[in-house]
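Student: sequence isn't available, so here's the structure alone:
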C-alpha cells in the first residue's frame, strides 16, 4: 500500500504541474504590472501553480511604481516518500534485532530479502528451544538437525535445549557447527527417561557457562560420563533441583548426579550455584572445596541438608570466595561458629530464612571483615544489639544493599539510626513485613537514601500484625520523586485496605516519572503493588506512557536485591 500510494502521488503531481505551467507564466507577468494578487478563495487548496515563488511588496508607504518588491522563497519541493523495501539492509537488520525469534520466523515468509535478513546469524546468537519458558517449539530431534545445519553456526553463543531434543546426534552437530557456543542449558526436569548416550562422541568443549536442570528420578551418570572430558573450560556451573516442585511429605532422596566427578573435571570453576537440590549436603561441599581454588561465589539457596559443617574447610581452601548465598539452608550454630570468618574475604552474605541464634549471628557477623551485601530477611534472632555493634565496629561502612524484611526482633529506632548513619551509600533496601514502619518513618528516612535503586516497603495483608493506621501513599511517592532520582525498582506491600490516596494520585505518579526523566536517570523498571484500585490507577498511568510492563502485582512478582550482587549476571539462570 505504501508503494502504491507513493506512485499515485508522484503521478498526480507531474500531471498537475503540466496543466498549470502556462497559466503560471501569465500570472507571473501580471504580478509585475499590477502588483500582488489577492487570494479569491483562501480556503481553496493550493494547486501545483499556487506553489510558485511569491512576490510581496517591500518597503514603506509606497504607491505603485516606487515601492519595489521582495522575493520570498516559500517554495518547498515535494518530498519523495520511501517504502520499507528501500531501507538499507543494515537498518532493517537493526530493526529486526528488537523482535523475538518467533516473530523473525513469521517475517521470513514475507519475501526473499526478508528471509535472508530474518535468518541472519547475528539475530540468532541466543536461541531457546524450551517452549514452556518462551522458547521456540521444535517437533523432533530430526527437525532440529535440519535447522542446525541451515541456521546455526559460528555466531551462536547461547542455547537452551529441552530433554526430548537432547540426543547424541544433536549434541554432535552443535559441537561441530557452533565452535563459539559459551552458554548451554540442558533441561531434564520434566523428562521421564533419557536417550541412549552410548554413541555420544562429541560435546561442546568451549563452554563457559553450563546449566543442568535435574530430574528427581532420572540418574544422569550415563550421560555425564560422556561429557566430563569436555568440561575443563567451564567457569560457571548451575545445577537446578526440584525444590519448588516438591511437597511436604518425606520422600526418598536420590543422588541423581555425581558432584564429585564434576568437581574433578572442572578446575576453573568461579561460580557454583546449587539451587534447591534435595540431596546436596556438607559432604558435597567438602568435595567441591578440594579442587576449586578459583571459587568466588557459592550459592546454596534452598539446599535444606546443608548444615555448615564444611564451611570451615571451604573458607580455608577457597581464598578467593567473596559471595556466599545460604538462603533457607538448614544452618546450625555448632557448625557456623568454628568457621574462621575473620580470615575470609566474604563480603556478600545472605542468611535469609535461616534459624541461627542471636549469639551465633553476633559471633560470625562481628568477626567478618565487613559487608557490601547482607541478606537477613526472616532472621528471627537478628536484633538491635547486633545491628548497633556492627555499626560501631564498622562492619557496615561500605554496605550497598541490605534486606531487613520480617526481622521481628529489630525495632523501628534501630533501623532509623542505621539509615541515618549509613543510608547515603545504600543502593538497595528491603524493609517489608515491619508493621510499625508507617508513613512518617519513610518520609524521614527517604532523604537519607538518595542513591537508592531498589526499595521494598510495607506489610502484606495478614502478616503477623494488622496495620493500626492507614498509609498516605501519595506523600511517599512525592518524597521519592524529590530525593531518589536513581530509583529503578519499587515494591509496596501494603494492601488496598491500608493504602490511602487522594484524587491527585495520578498527578503524583506523573511527577515521579517526569522527575526521573528530567534527572536523566535510568527509567523506573518496576513498580510492584498489591492488587486493588490504586494498583489499577498506577498501571493505567504507565500504560498511557507506553510503559506497559512496569507495574506488577505482588501476587506474581517479587522484588529482590540480587541484581546488586557483584556476580549477578553469572548467577542468572532460566
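Tutor: Alright, I've got the coordinates. As the structure is a computational prediction, the values presented were derived from the model and not from experiment.
Student: check which residues of stretch 101-112 are buried.
Tutor: The neighbour-count check on stretch 101-112 (16 or more other CB atoms under 10 Å) flags 101, 104, 107 as buried. The way it works is simple: take the backbone N, C-alpha and C, and place the C-beta from them, glycine included.
Student: for the record, mean pLDDT for that stretch?
Tutor: Averaged over stretch 101-112, pLDDT sits at 88.
Student: quick revisit: of the buried residues of stretch 101-112, which belong to helices?
Tutor: 101, 104, 107 (DSSP state H).
Student: what score does residue 177 have for pLDDT?
Tutor: Residue 177 is given a pLDDT of 90.
Student: now for it, how many residues are close by?
Tutor: 15 (other CB atoms under 10 Å).
Student: that older thread, out of the buried residues of stretch 101-112, flag the one nearest to residue 315.
Tutor: Nearest to residue 315 among the buried residues of stretch 101-112 is residue 101, at 43.9 Å by CB to CB.
Student: ranges for the helices of the stretch 451-574 of the chain?
Tutor: Remark: helices assigned in the stretch 451-574 of the chain by DSSP state H, counting those that start in this stretch are 473-483, 505-518, 533-544, 568-571.
Student: and those, which one is worst for confidence?
Tutor: Taking the mean pLDDT of the helices of the stretch 451-574 of the chain, helix 505-518 comes last: a mean of 57.
Student: the closest residue to residue 261 other than its chain neighbours and residue 303: what is the separation?
Tutor: Nearest non-adjacent residue to residue 261, counting by CB to CB, 6 or more residues apart in numbering: residue 228, 6.2 Å away. Per CB to CB, to the nearest Å, residue 228 is found 23 Å from residue 303.
Student: who has more neighbours, those two?
Tutor: residue 303 (25 against 15).
Student: hang on, the more buried one in a strand?
Tutor: No. Counting by DSSP: H, G, I helix; E, B strand; the rest coil, residue 303 falls outside a strand, being coil.
Student: residue 206 - how many residues pack around it?
Tutor: Count around residue 206 with other CB under 10 Å applied: 13.
Student: that one contacts residue 183, doesn't it?
Tutor: No. Taking contacts as CB atoms under 8 Å, residue 206 lies outside contact range of residue 183: 10.8 Å.
Student: so where is the protein shaky, pLDDT-wise?
Tutor: 1-81, 244-251, 461-468, 503-522 (pLDDT under 70).
Student: contact partners for residue 186?
Tutor: Counting by CB atoms under 8 Å, 6 or more residues apart in numbering, residue 186 makes contact with 161, 163, 166, 210, 211, 212, 213.
Student: so it: helix, strand or coil?
Tutor: Classification of residue 186 by three-state DSSP places it in strand.
Student: repeat that for the one 5 residues further on.
Tutor: Look at residue 191: counting by three-state DSSP, its state is coil.
Student: what's near enough to touch it?
Tutor: Taking CB under 8 Å, 6+ apart, one finds 163, 164, 215, 218 in contact with residue 191.
Student: count of residues packed around the spatially closest residue to it that is not a sequence neighbour?
Tutor: Excluding the flanking residues, the one nearest residue 191 by CB to CB, 6+ apart is residue 163, at 3.6 Å. Using other CB under 10 Å, residue 163 is surrounded by 20 other residues.
Student: please apply the same query to residue 569.
Tutor: If we define neighbours as other CB under 10 Å, then residue 569 has 10 of them.
Student: how near is it to residue 297?
Tutor: The gap separating residue 569 from residue 297 is 11 Å, by CB to CB.
Student: please apply the same query to residue 189.
Tutor: Residue 189 is 23 Å from residue 297, by CB to CB.
Student: and if you look at residue 142?
Tutor: 40 Å.
Student: one step back: just the buried ones out of the contacts of residue 186, please.
Tutor: 161, 163, 166, 210, 211, 212, 213.
Student: out of these, who's nearest residue 325?
Tutor: Using CB to CB, residue 211 is the member of the buried ones among the contacts of residue 186 that lies nearest residue 325, at 16.5 Å.
Student: the closest one reaches residue 185, doesn't it?
Tutor: Yes. Residue 211 is in contact with residue 185 according to CB under 8 Å; the separation is 4.3 Å.
Student: got any residues that touch both of the two?
Tutor: 573, 574.
Student: and the strands in the stretch 201-350 of the chain?
Tutor: 209-213, 236-240, 271-275, 297-299, 323-325, 348-350 (DSSP state E, counting those that start in this stretch).
Student: and residue 201, which of those strands is closest to it?
Tutor: Among the strands of the stretch 201-350 of the chain, the nearest to residue 201 by CB to CB is strand 209-213 (18.7 Å).
Student: now for that closest one, which elements pack on it?
Tutor: On a contact count with 3 or more CB pairs under 8 Å, 6 or more residues apart in numbering; DSSP states H and E, strand 209-213 meets strand 183-187, strand 236-240.
Student: quick one: closest of the ones you listed to residue 200.
Tutor: Closest among the helices and strands packed on strand 209-213, using CB to CB: strand 183-187, at 12.5 Å.
Student: tell me what angle that closest one forms with strand 236-240.
Tutor: 10 degrees (axes from the mean of the first three to the mean of the last three CA atoms, to 10 degrees).
Student: can you list the strands that strand 183-187 pairs with?
Tutor: If you go by DSSP bridges, strand 183-187 pairs up with strand 158-162 (parallel), strand 209-213 (parallel).
Student: could I get the ones you listed as TSV with distance to residue 338?
Tutor: Below are those laid out as TSV (distance: least, CB to CB, whole Å):
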stretch	distance to residue 338
strand 158-162	42
strand 209-213	33
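Student: list the buried residues of the helix or strand hosting residue 418.
Tutor: Per DSSP states H and E: residue 418 is located in helix 412-422. For helix 412-422, the neighbour count (16+ other CB under 10 Å) marks 414, 415, 416, 418, 419, 422 as buried.
Student: who's in contact with stretch 142-155?
Tutor: Applying CB under 8 Å, 6+ apart, the set of residues contacting stretch 142-155 is 119, 121-122, 124-125, 127, 129, 138, 165, 169-170, 173-174, 177-180.
Student: which of these fall in helices?
Tutor: Per DSSP H, the subset of those in helices is 169, 170, 173, 174, 177.
Student: for the last one, give me its contacts.
Tutor: Going by CB under 8 Å, 6+ apart, residue 177 touches 148, 149, 152, 153.
Student: how about TSV for those residues, with distance to residue 328, secondary structure and neighbour count added?
Tutor: Output for the contacts of residue 177, formatted as TSV (distance: CB to CB, whole Å; DSSP: H, G, I helix; E, B strand; the rest coil; neighbours: other CB atoms under 10 Å):
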residue	distance to residue 328	secondary structure	neighbour count
148	40	helix	20
149	45	helix	11
152	39	coil	19
153	42	coil	14
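Student: looking at those residues, spot the one nearest residue 365.
Tutor: Nearest member of these to residue 365, counting by CB to CB, is residue 152, at 49.3 Å.
Student: from residue 348, how far out is that closest one?
Tutor: 37 Å.
Student: hang on, residue 396 packs against residue 370?
Tutor: Yes. In terms of CB under 8 Å, residue 396 counts as a neighbour of residue 370; the distance is 7.3 Å.
Student: between those two, which is the more surrounded one?
Tutor: More crowded of residue 396 and residue 370, by other CB under 10 Å: residue 396, with 21 against 16.
Student: sec struct for the nearest residue to residue 328 once chain neighbours are set aside, please.
Tutor: Nearest non-adjacent residue to residue 328, counting by CB to CB, 6+ apart: residue 353, 4.3 Å away. Counting by three-state DSSP, the backbone at residue 353 sits in coil.
Student: thought residue 353 was touching residue 327?
Tutor: Yes. Using CB under 8 Å, residue 353 is in contact with residue 327, at 5.8 Å.
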